[in-house]
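> here's my sequence, what's the structure:
(one chain, ligands or ions: 1)
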Amino acid sequence: MAKCFLFTVDSYVLEEIWRKESFVFLELEGFCMHYFITGGAGFIGSHLCEYLLEQGHRVSVLDNLSTGSMDNILHLKGNSLFSYEIDSVTNVPLLGKMVSECDIVIHLAAAVGVNLVVESPVQTIHTNVDGTEFVLKEANKKKKKVLIASTSEVYGKSNKIPFQEEDDLILGPPTKGRWSYACSKALDEFLALAYWREKKLPVVICRFFNTVGPRQTGRYGMVLPRFIKQALSNSPITVYGDGTQSRCFIYVGEVCKAIYSLTLEDKAVGEIYNIGSQEEITIADLAHRVRDKVGISTEIKYIPYHDAYTQGFEDMQRRVPCIKKIHQLLGFSPEMKLEQILDRMVDFIARFS
Ligand SMILES: NC(=O)c1ccc[n+]([C@@H]2O[C@H](COP(=O)([O-])OP(=O)(O)OC[C@H]3O[C@@H](n4cnc5c(N)ncnc54)[C@H](O)[C@@H]3O)[C@@H](O)[C@H]2O)c1
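Numbers count the residues shown, from 1 in each chain. Next up, the predicted model:
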């Protein structure tokens, strides 16, 4: 456990201490923990850093800034409980050092976003498979608890709605590059659970569904920030496909809360949890909602998948999580409605881009 030094304590404790030595700090075991976040300069990672620091914990970050940004964590630099290294999780000596210094690892670093996955399949597989293997291997040396970020994409083409953790994963063929992301994350899950079963490494797997909020960028294919940016600049809002595909959007702050609670709960170890909202909306409706929210009358343009991505691109038609499992364990269910999320994101993107 990390060591914390407190300066404000009950007066009788202070008296005791001052009697023994004039320069003594009170060291409390287990009061604060040291979280190590890979991909901590990314969208979810940077919010998680803030959240954990607010809870009084120490946070260190390893990020190569491939899709993350220093801007996401600049405001944390002055905090003495915060530190970071700009490097890759594939730098194993550094990774090993950072793992050995922490209490809990949260592994978020990954190649993400449909654009990136379709355009750079080698990087996707290398980062997502090798990176996770390195993290698990290093964590196993000191038996550090690891929370692994997975994705709703692993449910693939399943049409059994809502998706439950024990459901079959129905992935498309390797000839269609977009499935490499889902497949690499599914392999991460297998590997993590293998470490738990075979080596008793405590692992927790989170399958995030579409997570949104300030600092998310549309650059790598994330739909909501892209729509908002297009609307704010009075450009056509571009919907890929016919817009009947649907998604559920959860606010990043709620995801951080769920992640944190899972790290503290022993019963979560060796388990997979969906984390997402159940408020479903089609992408065409989302485009209209964004347009109304921004208050403009720009065109909504439908672009066939083969023009937006590659010939034969396959999308997931619906993605709705069953959240019974995490609710039963933690009492967790998202509270923020899409309306409120849109308000926050439009406001943020209008101010900062
Ligand atoms: N945002 C979502 O809706 C969503 C949904 C499902 C799963 N996830 C998962 O959550 C995690 C975080 O995603 P995000 O949305 O914050 O994306 P993000 O791109 O903002 O965060 C990923 C971070 O990992 C970093 N990174 C990539 N390769 C690295 C490497 N080799 N070494 C060190 N750092 C590296 C990037 O620079 C970035 O900061 C990812 O594992 C992603 O697969 C996110």
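
> which parts of the protein sit against the ligand?
Contact residues, the chain versus the ligand (C-beta under 6 Å from any ligand atom): 38-39, 41-45, 62-68, 88-90, 108-112, 127, 131, 149, 151, 208, 210-211. All C-beta spots, glycine's among them, are computed from the backbone N, C-alpha and C.

> buried subset of the residues you listed?
Buried by 16 or more other C-beta atoms under 10 Å: 38-39, 41-45, 62-64, 66-68, 88-89, 108-112, 127, 131, 149, 151, 208, 210-211, out of the residues of the chain next to the ligand.

> filter these down to the ones in helices?
43-45, 131 (DSSP state H).

> export those residues to TSV and tack on pLDDT?
Listed next are these as TSV, based on pLDDT from 0 to 100:
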residue	pLDDT
Phe43	97
Ile44	98
Gly45	98
Gly131	98
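
> okay if I get these as CSV plus distance to Ala186?
Formatted as CSV, those follow (distance: C-beta to C-beta, whole Å):
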residue, distance to Ala186
Phe43, 22
Ile44, 19
Gly45, 22
Gly131, 15
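
> what is the nearest of those residues to Ser180?
Of all these, Gly131 has the smallest distance to Ser180: 14.2 Å, by C-beta to C-beta.

> isn't the closest one up against Ala109?
Yes - the criterion here is C-beta atoms under 8 Å, and Gly131 meets it with Ala109 at 5.8 Å.

> next, show the common contact partners of those two.
With contacts taken as C-beta atoms under 8 Å, 6 or more residues apart in numbering, the residues that reach both Gly131 and Ala109 are 38, 88-89.

> ok, of the residues you listed, which one's closest to Glu265?
Glu265 lies nearest to Thr38 out of the shared contacts of Gly131 and Ala109, by C-beta to C-beta, at 21.0 Å.

> roughly how far does the closest one sit from Lys325?
Thr38 sits 25 Å away from Lys325, going by C-beta to C-beta, to the nearest Å.

> try Thr132
22 Å.

> kindly report the same for Thr127.
28 Å.

> just Ser100 next, same as before
Remark: distance between Ser100 and Lys325 (C-beta to C-beta) = 32 Å.
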